[in-house]
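> When you get a sec, could you give me coordinates for this:
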Amino acid sequence: MQKGDVAPDFELVANNGEKVRLSSFKDKKNVVLCFYPKNHLFMCPSKKVFKMAQSVISAYDDILKTDSVLFAVSVDTVDDQAAFVEQYNVPYLHLSDTTKDVCKKYAGLNLAGLAKRSTFIVGKNGTIHNVFHDIDVESHGKQIAQALSELNG
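Numbering: from 1, shown residues only. Model prediction:
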């Protein structure tokens, strides 16, 4: 998937049990999809997940001000997503893609079969406006907020 592509529709279950369908936001909200490998890994990247969550949380109010919603997406189960959100007090929904279909379509999978770390900004018109692959986890929240403010500008 790249800038200008129509974002493929999907429906995934969030950490709170709610079903989230991408197309339900068309003509209403911009949608930010943050793909990441997994909540808890027994190696260094798990720290990256937490740092990225902290970065996004710190910019979350600015993101919401741009008439946008944000979702994190990984191959974790709904229960794992719920535990992560509760443990780190994350204010946005985490979507569970245990079949890996959505992760494959958008982010692609790494050698371990997990989503590659990437973020997609889908405009209200349903097309992809920005794609971030090389993510600096500590400044990514600000990067998202800036891209959204330019989109709405």
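> CA-only coordinates of the top helix by length along the chain in PDB, if you can.
For the chain, the longest helix by residue count, based on DSSP state H, is helix 45-64. Only the C-alpha atoms of helix 45-64 are listed here, as PDB (Å, rounded to 0.1, in the frame of the first residue of the first chain):
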ATOM      1  CA  PRO A  45      11.600  -4.500  20.200                       C
ATOM      2  CA  SER A  46       9.100  -4.800  23.000                       C
ATOM      3  CA  LYS A  47      10.600  -1.600  24.400                       C
ATOM      4  CA  LYS A  48      10.000   0.000  21.100                       C
ATOM      5  CA  VAL A  49       6.300  -0.800  21.300                       C
ATOM      6  CA  PHE A  50       6.000   0.900  24.700                       C
ATOM      7  CA  LYS A  51       8.100   3.900  23.500                       C
ATOM      8  CA  MET A  52       6.000   4.300  20.400                       C
ATOM      9  CA  ALA A  53       2.800   4.100  22.600                       C
ATOM     10  CA  GLN A  54       4.200   6.800  24.900                       C
ATOM     11  CA  SER A  55       5.000   9.000  21.900                       C
ATOM     12  CA  VAL A  56       1.500   8.600  20.400                       C
ATOM     13  CA  ILE A  57      -0.100   9.100  23.800                       C
ATOM     14  CA  SER A  58       1.800  12.400  24.200                       C
ATOM     15  CA  ALA A  59       0.500  13.700  20.900                       C
ATOM     16  CA  TYR A  60      -3.000  12.100  21.200                       C
ATOM     17  CA  ASP A  61      -4.900  15.300  22.000                       C
ATOM     18  CA  ASP A  62      -3.300  17.000  19.000                       C
ATOM     19  CA  ILE A  63      -4.200  14.000  16.800                       C
ATOM     20  CA  LEU A  64      -7.900  14.100  17.900                       C
END
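> Which strands or helices does it pack on?
The contact analysis (3 or more Cβ pairs under 8 Å, 6 or more residues apart in numbering; DSSP states H and E) places helix 45-64 against strand 30-35, strand 68-74, helix 140-152. Placement of C-beta: from N, CA and C, glycine included.
> CA atoms only for stretch 139-146, dumped as PDB, please.
This file holds the C-alpha atoms of stretch 139-146, laid out as PDB (Å, rounded to 0.1, in the frame of the first residue of the first chain):
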ATOM      1  CA  SER A 139       8.900  11.300  17.900                       C
ATOM      2  CA  HIS A 140       6.300   9.400  15.900                       C
ATOM      3  CA  GLY A 141       3.300  10.800  17.700                       C
ATOM      4  CA  LYS A 142       4.400  14.400  16.800                       C
ATOM      5  CA  GLN A 143       5.000  13.200  13.200                       C
ATOM      6  CA  ILE A 144       1.500  11.800  13.000                       C
ATOM      7  CA  ALA A 145      -0.100  15.000  14.400                       C
ATOM      8  CA  GLN A 146       2.000  17.100  12.000                       C
END
